[in-house]
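Asker: Provide a 3D model corresponding to the input given below.
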Amino acid sequence: MKACAHQCDRQRGFGIVTAIVILVILAALAAAITSFGTAQHATSAQDLMATKAWQAAKSGNEWGLYQAIKDQDWGAAGTKCSAGNQSKTLDLTTDTGFTVQVCCALSTYAEGQDPGPPPTVHTTRFYTITSVACNAAACGTTGCGTTASGASPNYVERIRVVLAEQ
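Answerer: You can find the predicted model right below:
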C-alpha cells in the first residue's frame, strides 16, 4: 500500500504540465489563425482597390478617345490631340478615390492612293491614349510613361493603353 501511495504522489503533477503544453499549443494556433485572417483581409482589400483602379483607368481611356476622335479641346483652351502630345489629369477622387492621368499621342501615316484626277493619298491617324489611375494625389506627373512611386502600402496603380485608328 505504501508503494502505491509513493508512486501516486510522483504522478500527481503530470496533468498540470500536460494542460500547460496544450494551452501553449492552442494559443500559438489562435495567433496563426488571426495572422492569416488579417493577411487575407488585406489582400482582399488590395484586390478590390485594383479593380477600382482598372475601371478608373478605363474611364480615362474612354474620355481620352472621345476627346481625340471628336477633336475636342484636350483641356487647355484650343489644344487638341491633333496638335501634338497632350495630357490631362482627371480628378475622380470624389467618385472613386482615384486620380487619372490621361495622355494622347497622334501618329499620321500616308497610305495608298486613289486613282483618278487628281490622285489623292489617304491619311490614316492613330491615336494612342494612355491612362494611368492611382490612389495617390498625383500619378504620372511627368507624363504617362513615368508614374508616382507607391510609398504607401495601400498604393494601387493601373495603366491602360488604347490605340484607335481614324
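
Asker: moving C-terminal of whichever helix in the chain runs longest, what's the next helix or strand?
Answerer: The longest helix of the chain (DSSP state H) is helix 14-69. Per DSSP states H and E, helix 14-69 leads on to strand 86-92 as the next helix or strand towards the C-terminus.

Asker: Dump that next one to CSV, keeping only the CA atoms.
Answerer: Written as CSV, here are the backbone C-alpha positions of strand 86-92 (Å, rounded to 0.1, in the frame of the first residue of the first chain):
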residue,chain,number,x,y,z
GLN,A,86,-1.5,66.3,-74.8
SER,A,87,-2.0,65.4,-71.2
LYS,A,88,-4.8,66.0,-68.7
THR,A,89,-5.5,64.9,-65.2
LEU,A,90,-8.9,63.7,-64.3
ASP,A,91,-9.9,64.1,-60.7
LEU,A,92,-12.1,61.1,-59.9
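
Asker: strands paired with it, and their directions?
Answerer: strand 98-114 (antiparallel) (DSSP bridges).

Asker: which helices and strands sit right next to the longest helix of the chain?
Answerer: Packed against helix 14-69 by the contact rule (3 or more Cβ pairs under 8 Å, 6 or more residues apart in numbering; DSSP states H and E) you find strand 86-92, strand 98-114, strand 120-134, strand 157-165. Heads up, the C-betas are built off the backbone N, CA and C, glycines and all.

Asker: Okay, buried residues for the first one please.
Answerer: By neighbour count, with 16 or more other Cβ atoms under 10 Å as the criterion, the buried positions of strand 86-92 are Gln86, Ser87, Lys88, Thr89, Leu90, Leu92.

Asker: Make a markdown table out of those residues and add distance to Thr18 and pLDDT.
Answerer: Shown next, in a markdown table, are the buried residues of strand 86-92 (distance: Cβ to Cβ, whole Å; pLDDT from 0 to 100):
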| residue | distance to Thr18 | pLDDT |
| --- | --- | --- |
| Gln86 | 75 | 78 |
| Ser87 | 70 | 81 |
| Lys88 | 70 | 83 |
| Thr89 | 66 | 82 |
| Leu90 | 65 | 82 |
| Leu92 | 60 | 85 |
